[in-house]
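Q: give me a model of this one.
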Amino acid sequence: MILILTMIVSLIAIVGFVLVVVGLFGVKVDGHVYCSECGYDLSGLSLEMDKGEVRKGKQCSECGYKFQGWGGEVRVGKRKKRKGVAVMGLVMIVIGLLPVVGSLMSVSWQQHKPSELLVWEVGHPELSMDVKDAQEELRERMNGGKLSKGIMSDWARAILRSGDADVNNMDLGVWSDWLALHHAGGLDDEQKRGFVELMFAYELKVPRQLSVEHLKGVKYGFGVPAGRDRIEHTIFEAHMQWGKAGGTYYEHELRVLDVMVNGKKVFEVEEDESERNKLSLNSPVVYSGLDLMLPGLERLGSEIEKAMGDEKEGELGVRMRVKMFAGVKGMEFEHDILVEGGRFELVDELPRAKLVRDEKKYEEVRTRLWPSSTMQLNAYNANGQNQYFAPYTMKGIAWEPNQWLGRRFWEGEYYRENRDHENHLNFLMVYEEQVGVERPECVSDWGFVTLNGELDGPMCYRVVLRVDDVEYEQDEWVVVKEHGRFGGSFMRKLFLPAEVEAEKADVILRPDEVRAMNREYMDEILAGELVYENVNLIRISVDEVKRLKEEHEKVRKQNSAKGEWRTDYWEQYRDVAKQRLVDDGVFGSLEVLEGYIDEVKGEKE
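A: Got it, this is the predicted structure:
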């Protein structure tokens, strides 16, 4: 059957070609003789000008050509092209060639390209038809041992070229390519240093105002420079793609060597102090910013004052030593980088963000931001995979699913099929704190969410629990830095003393202008504290934490024996929340509550 179809379409193409020739050649419309030089009608000279002996010696009246009697001096008859026939032929040719074109398009041309061309495409993505396919072909050739050291070096140089042009082109696959090239020994020292410079294309982040008397309360860190997009993927997120790595993450270390003010070194960090404050990076996360342990704070204040003199504005910088693949034989190397850009203004008193009164925004926050909990507890991991659809809200409160960590932001295999986060409004999970007992490492989930959308910043609130007119400040903050960038706030740990036996508490969000300036780099925040009365507390005892960790370890061992890397164990408290709402009279019974849930689910699905 395929052979017959091939013969038919081939015949159609041949007939089409003949029709195009016939149409373009045309048909004669008269028998006159015309001068080949200028096309003039020679019939006036003689009706037999097509004969050589007749026209020999005669001259064209139009162009003056003197005929010699040779062939080709004249042409007989005017031809008229048949455009319709030519067009019909072209259509038939296209129909006949479609199967051929389809076959050509199905060919994977990347595998036929020389490696040098593929590398050139990687280095010039703006000129490549499909740079991702070129990268994939190079990966297959490298995994198959078909790339020479020279080609691998050129490939690394091409990646660096595209990264210098736009560091945001360095997606997860490209960082994995870099790791694979280094693992295969395809990088020279210059290229290794080049990749480190790209990885740490940060600027130093410090508060806009600094007081030499209060440097210990300041957060120092790296951040993406102003005017550049967020780095979506870095080497720290690149999961090892080759079998030898076993799906592990290598460790990298950062140590501060020198602290600089206005480009001049003010002091060198002692080796033991630098070692104590080194930053180890081995987590598969996106590093758009890093907190920095800045050593020598006791000396830094006096050195800043000495370096600044009478000036009030300056720039802080650090020279750091990066140790890549720490402890891995054949892969470990070091490179020093300079991170600057920490511009600041020197002030005498403790810097504070300005409190801005905006009644309209305050009212919007007060009515839309609510304490909440997913009523789940995990021994260590904060990101639960076991979300469920059950909005246990107070009756009468309009509820919209929190979209901030919904499907439109998570596309990974573990998140793709999950429902968006839904929370128990007016609930918080609180740990029991005992004197002399270390605080638990367990974490719960979202602590505050917004109803019907997102909130605008800037805001920085400290969380305070109030029971019987006694306030208990928490080491948790609700922070909104930008406009339209808040859907939920993560509360890792809320605590109350074990002797405070309370099932409800007033939750206060109190503006913290000191933290806003010194830890969050915010110049101003919304004024006015928010108070949520009679919020339900689900108390987590020390014994529960101990049991949860035992269950977590049991699941970890079971999964490890199966070769599974996920080890999460989540304890659910949804039934506790249900019963609390019934006991408080919000719902008449569990049956009524379940009916309300079904009603809400039906409205929202």
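
Q: which stretches of the stretch 251-400 of the chain have low pLDDT?
A: For the stretch 251-400 of the chain, the stretches with pLDDT under 70 are 281-297, 379-400.

Q: now stretch 538-551: average pLDDT?
A: Averaged across stretch 538-551, the pLDDT comes to 85.

Q: chain center to that stretch, what's the gap?
A: Distance of stretch 538-551 from the chain centroid (CA atoms, centre = their mean, to the nearest Å) equals 36 Å.

Q: please identify the buried residues of that stretch?
A: Across stretch 538-551, burial judged by 16 or more other CB atoms under 10 Å covers Ile538, Arg539, Ile540, Val542, Glu544, Val545, Leu548, Lys549. All C-beta spots, glycine's among them, are computed from the backbone N, C-alpha and C.

Q: wait, is the fifth one part of a strand?
A: Yep, that's Glu544 we're talking about. No: counting by DSSP: H, G, I helix; E, B strand; the rest coil, Glu544 is not found in a strand; it is helix.

Q: so what's Asp154 closest to, chain neighbours aside?
A: By the measure of CB to CB, 6 or more residues apart in numbering, the closest residue to Asp154 outside its immediate chain neighbours is Val119, 4.9 Å from it.

Q: near that neighbour, how many other residues are there?
A: Per other CB atoms under 10 Å, the neighbour tally for Val119 reads 24.

Q: for stretch 579-592, measure first residue to last.
A: One end of stretch 579-592 to the other measures 12 Å (CA to CA, to the nearest Å).

Q: how far does that stretch sit from the chain's center?
A: Its chain's C-alpha centre and that of stretch 579-592 lie 43 Å apart, by CA atoms, centre = their mean.

Q: mind checking which helix or strand Val259 is in?
A: Element membership of Val259, judged by DSSP states H and E, is strand 252-261.

Q: quickly run through the sheet partners of that strand, with directions.
A: Note on strand 252-261: by DSSP bridges, its sheet partners are strand 264-268 (antiparallel), strand 279-281 (antiparallel), strand 313-324 (antiparallel).

Q: what lies in contact with the strand or helix carrying the residue nearest to Asp154?
A: Assigned by DSSP H and E, Val119 belongs to helix 115-123. With contacts defined as CB atoms under 8 Å, 6 or more residues apart in numbering, helix 115-123 is touched by 110, 127-128, 131, 134-135, 137-138, 141, 146-147, 151, 154-155, 157-159, 161-162.

Q: same question, stretch 318-338
A: 182-183, 185, 189, 192-193, 196-197, 200, 204, 250-260, 265, 280, 292, 294, 317, 339.

Q: and for stretch 495-507?
A: Residues outside stretch 495-507 that contact it (CB under 8 Å, 6+ apart): 371, 428, 430-434, 439, 463-468, 470, 472, 474, 531-537, 539, 541-542, 580.

Q: and the buried ones among the residues you listed, selectable in PyMOL?
A: Entered in PyMOL, the line below selects the buried ones among these, by 16+ other CB under 10 Å:
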select buried, resi 371+428+430+431+432+433+463+464+465+466+467+472+474+532+535+536+537+539+542+580
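
Q: in strands only, show me the contacts of stretch 495-507.
A: Cross-referencing those against strands under DSSP state E gives 371, 428, 430-433, 463-467, 470, 472, 474, 531-537, 539.

Q: who's Val479 bridged to?
A: Here Val479, judged by DSSP bridges, has bridge partners Cys460.

Q: so what's it scoring on pLDDT?
A: So, for Val479, pLDDT stands at 89.

Q: and if you look at Cys460?
A: 93.

Q: how many other residues sit next to it?
A: Cys460, neighbours per other CB under 10 Å, totals 26.

Q: residues in contact with it?
A: Cys460 neighbours (CB under 8 Å, 6+ apart): 353, 477-480, 511-513, 515-516, 520, 522, 525.

Q: for the residues you listed, which one is nearest Tyr65?
A: Val480 (89.4 Å; CB to CB).

Q: just checking, that closest one touches Pro458?
A: Yes: when contacts are counted by CB atoms under 8 Å, Val480 is listed as touching Pro458 (6.4 Å).

Q: who's more crowded, these two?
A: Shown here are Val480 and Pro458; by other CB under 10 Å, Val480 has more neighbours (24 against 18).
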